[in-house]
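Enquirer: build me a model:
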Amino acid sequence: MGLLDFLCWRIATLLLLFPIGQECLSVHIANEEPLYIIPGSTLVLRAHIESGSPEEVSAVTWEREPESGAPEGRAALAACPGGSPQLPVQCASNRANVRASVQQQASVLHVSGYAAADAGVYAVTVTGKAGKSSTARCIVREYAEAVHHVSVSINVSHSSLVCGEAWGTEPQFSWLHERDAVTGNVGRVSPDGATLVVTKVPICGHFTCVVSNKLGYSSATYTAAPCETDSISGSTVAIVCLVVLQILAGGLAFLLWRRYQKRNRGDRLRENMDENI
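Expert: Numbering: from 1, shown residues only. Down below sits the predicted model:
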């Protein structure tokens, strides 16, 4: 066997190892983190389908199951046909508040009138014509709790203030110093917003932590010693005002004295003229 025949035989053998028409199929949901929904609103989940060509997709299904993973709580929500539709294709569902569609390598699920029973793990499964499937999941929870019991504590050794909140859903933290937003001159806020590292020396004034979410907000304030800069500026203003008043009083007194001197000089001149006559 010649070298050329040997190489051709090896290449043919390698080509036989790769299956013809293998699908490249995957799906993912935009919301990777747990998604919180306010009761009564509409849950919207969008799944992006990646495939070699849209025609490879034969079916798309949506399901929901409890976070515990109990199989008895699993429920089918919608079943969608595949293909390459130019217009949205509506999916079949036996639930009045569920609506789903497929269009241009994407599937969208709507659950209207969201309630506590709709919480759980939502799964979308895409199946190809060759039988290969891909599944993406998203945890959905009820947005039920406003923020409660906000508190601020100080860590003296680390020159930091820590904001605590009891059980609010998705709390967002922000900081104020003397009613103004905290800047780099005052301190640095941690990535989660709950901790303020104070760079202002010494720590003084009022530090307020505001915790909010979609249902409301609450706040707490840590009060340190009054800032000296405020007292100094107040004293400076008082001193300047006193000096200005003294200057004005002195100037007015000088003008009155000059006027009095001129009047007395005129009277003396008239008296001298009368005596000479």
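Enquirer: okay, now the unreliable bits of the stretch 51-200 of the chain?
Expert: The stretch 51-200 of the chain contains residues with pLDDT under 70 at 52-55, 83-86.
Enquirer: can you give me the strands in it?
Expert: Secondary structure of the stretch 51-200 of the chain (DSSP state E, counting those that start in this stretch): strands at 57-65, 75-81, 89-90, 98-102, 106-111, 120-128, 133-142, 151-155, 160-164, 172-177, 180-181, 187-189, 195-198.
Enquirer: neighbouring strands - and their directions - for the fourth one?
Expert: Strand pairing for strand 98-102, using DSSP bridges, gives strand 89-90 (antiparallel), strand 106-111 (antiparallel).
Enquirer: what's the closest of those strands to Pro171?
Expert: Of all the strands paired with strand 98-102, strand 106-111 sits nearest to Pro171, with 25.0 Å by Cβ to Cβ. C-beta here means a position set from N, CA and C on the backbone, and glycine is covered the same way.
Enquirer: returning to that earlier point: what's the closest of the strands paired with strand 98-102 to Thr221?
Expert: Nearest to Thr221, of all these, is strand 106-111, at 40.8 Å by Cβ to Cβ.
Enquirer: so which of the strands paired with strand 98-102 is the most packed in?
Expert: Among the strands paired with strand 98-102, strand 106-111 has the highest mean neighbour count (mean count of other Cβ atoms under 10 Å), at a mean of 20.
Enquirer: picking up where we left off before, distance to Gly40 added to the strands of the stretch 51-200 of the chain, as TSV?
Expert: Formatted as TSV, the strands of the stretch 51-200 of the chain follow (distance: least, Cβ to Cβ, whole Å):
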stretch	distance to Gly40
strand 57-65	18
strand 75-81	19
strand 89-90	24
strand 98-102	16
strand 106-111	12
strand 120-128	18
strand 133-142	11
strand 151-155	31
strand 160-164	30
strand 172-177	22
strand 180-181	33
strand 187-189	34
strand 195-198	35
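Enquirer: now render the strands paired with strand 98-102 as JSON lines, adding distance to Tyr217.
Expert: Converted to JSON lines, those look like this (distance: least, Cβ to Cβ, whole Å):
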{"stretch": "strand 89-90", "distance to Tyr217": "40"}
{"stretch": "strand 106-111", "distance to Tyr217": "28"}
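Enquirer: neighbours around Thr127, how many?
Expert: As a burial measure, Thr127 scores 19 neighbours (other Cβ atoms under 10 Å).
Enquirer: mind listing what it touches?
Expert: Neighbouring residues of Thr127 by Cβ atoms under 8 Å, 6 or more residues apart in numbering: Val57, Ser58, Ala59, Val60, Thr61, Gly82, Ser133.
Enquirer: now the buried members of these.
Expert: Neighbour-count burial (16 or more other Cβ atoms under 10 Å) applied to the contacts of Thr127 gives Val57, Ala59, Val60, Thr61, Gly82.
Enquirer: doesn't Gly82 make contact with the first one?
Expert: Yes - the pair Val57 and Gly82 qualifies as a contact (Cβ atoms under 8 Å) at a distance of 3.6 Å.
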